[in-house]
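S.K.: Pasting the sequence and the predicted coordinates here, then a few questions.
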Amino acid sequence: MTKLSVNLNKVALLRNQRDVGYPNVVEHGRLILEAGGQGLTIHPRPDERHIRRSDVGELEAFLAEWPDKEIEFNIEGYPSEDFIALVTKHHCHQVTLVPDAPDQRTSDHGWDIPKHKDMLTDVIGQIHKAGRRVSLFVDPDPRIAESAKEIGTDRIELYTGPYAEKTIDIAEYVTTAKTALDLGIEINAGHDLSLDNLTTFIKAIPKCAEVSIGHAIIADALKFGWTETIKRYLDAIEKGHTV
């Protein structure tokens, strides 16, 4: 069954609008997990406009005490020296490498792996040495999956923004996923997945290991609360696995 990882960036963004300390990122992480969420994702950026470096250590400590050791802690980011130091210092299960510029508002494209092959190979080696799984944020393209195999990544995360916008057909995602799976690379997915499109995506790619969802799930939580929101997203995933 596909795991649901909730991206906490928008919780941190709201907190950072005031100097009052709430909403608290760890508190909302607890509410998400108590509601049935199976993972937490954060994407610390250099300007700390949402997730701060201090959040990483606090979430690490919180998850170390969480009774369910199967909970995934996923840290996303561009592989700068600072970022590599961060994810090798703090325990996480997965590091997702994204090709974002420092001032980029949100991730909007995947890696050109051949162009950055040497750098990515070196970074993946460093992160593997620290005992972390590595996922690469990629566009739907079977050739990219083949390139990912060459540099030793464990997973690829399919950039689903164009799927949500209906500018790229789901068939391209299916072909890319099949190519990756045949090569022994697992599949994650993320960006603009929501209750409107999640079930269809999982039906098309039922072997997707994990979806990382932030913007839509935070917006839904404002309406329904965490308990009902997590239930709806888990139901959407389960329906995707129903033949």
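M.R.: Sure thing, it's come through. Numbering: from 1, shown residues only.
S.K.: This protein: strands as residue ranges?
M.R.: Along the chain, counting by DSSP state E, strands occupy 3-7, 39-42, 72-77, 94-97, 133-138, 155-159, 186-190, 208-213.
S.K.: Provide the strand pairings for the fifth one, with the direction of each partner.
M.R.: So that's strand 133-138. strand 94-97 (parallel), strand 155-159 (parallel) (DSSP bridges).
S.K.: Check the first one too.
M.R.: Pairing partners of strand 3-7, with direction, according to DSSP bridges: strand 39-42 (parallel), strand 208-213 (parallel).
S.K.: Looking at the first one now, give me its mean pLDDT.
M.R.: The reference is to strand 39-42. The average pLDDT for strand 39-42 rounds to 98.
S.K.: Then the last one?
M.R.: Along strand 208-213, the predicted local confidence has a mean pLDDT of 98.
S.K.: so the helix ranked longest in the chain versus strand 3-7, what angle?
M.R.: Across the chain, the helix with the greatest residue count (assigned by DSSP state H) is helix 215-241. Orientation check (axes from the mean of the first three to the mean of the last three CA atoms, to 10 degrees): helix 215-241 against strand 3-7 gives 180 degrees.
S.K.: Which other helices and strands does helix 215-241 contact?
M.R.: For helix 215-241, the elements it packs on are strand 3-7, helix 9-15, helix 25-34, helix 198-204, judged by 3 or more CB pairs under 8 Å, 6 or more residues apart in numbering; DSSP states H and E. Heads up, the C-betas are built off the backbone N, CA and C, glycines and all.
S.K.: Just the pLDDT at residue 70, thanks.
M.R.: As predicted, residue 70 sits at a pLDDT of 84.
S.K.: which one is the spatially most central residue of the chain nearest to, not counting chain neighbours?
M.R.: Central residue of the chain (CA atoms, centre = their mean): residue 212, 4.0 Å from the mean position. With CB to CB, 6 or more residues apart in numbering as the criterion, residue 212 has its nearest non-adjacent residue at 3.8 Å, and that residue is residue 190.
S.K.: Same check on residue 184?
M.R.: Of all residues not flanking residue 184 in the chain, residue 149 sits nearest, at 7.3 Å (CB to CB, 6+ apart).
S.K.: Count the neighbours of the one you found for me.
M.R.: Other residues near residue 149 come to 17 when the count uses other CB atoms under 10 Å.
S.K.: same check, this time on residue 95
M.R.: Per other CB under 10 Å, the neighbour tally for residue 95 reads 28.
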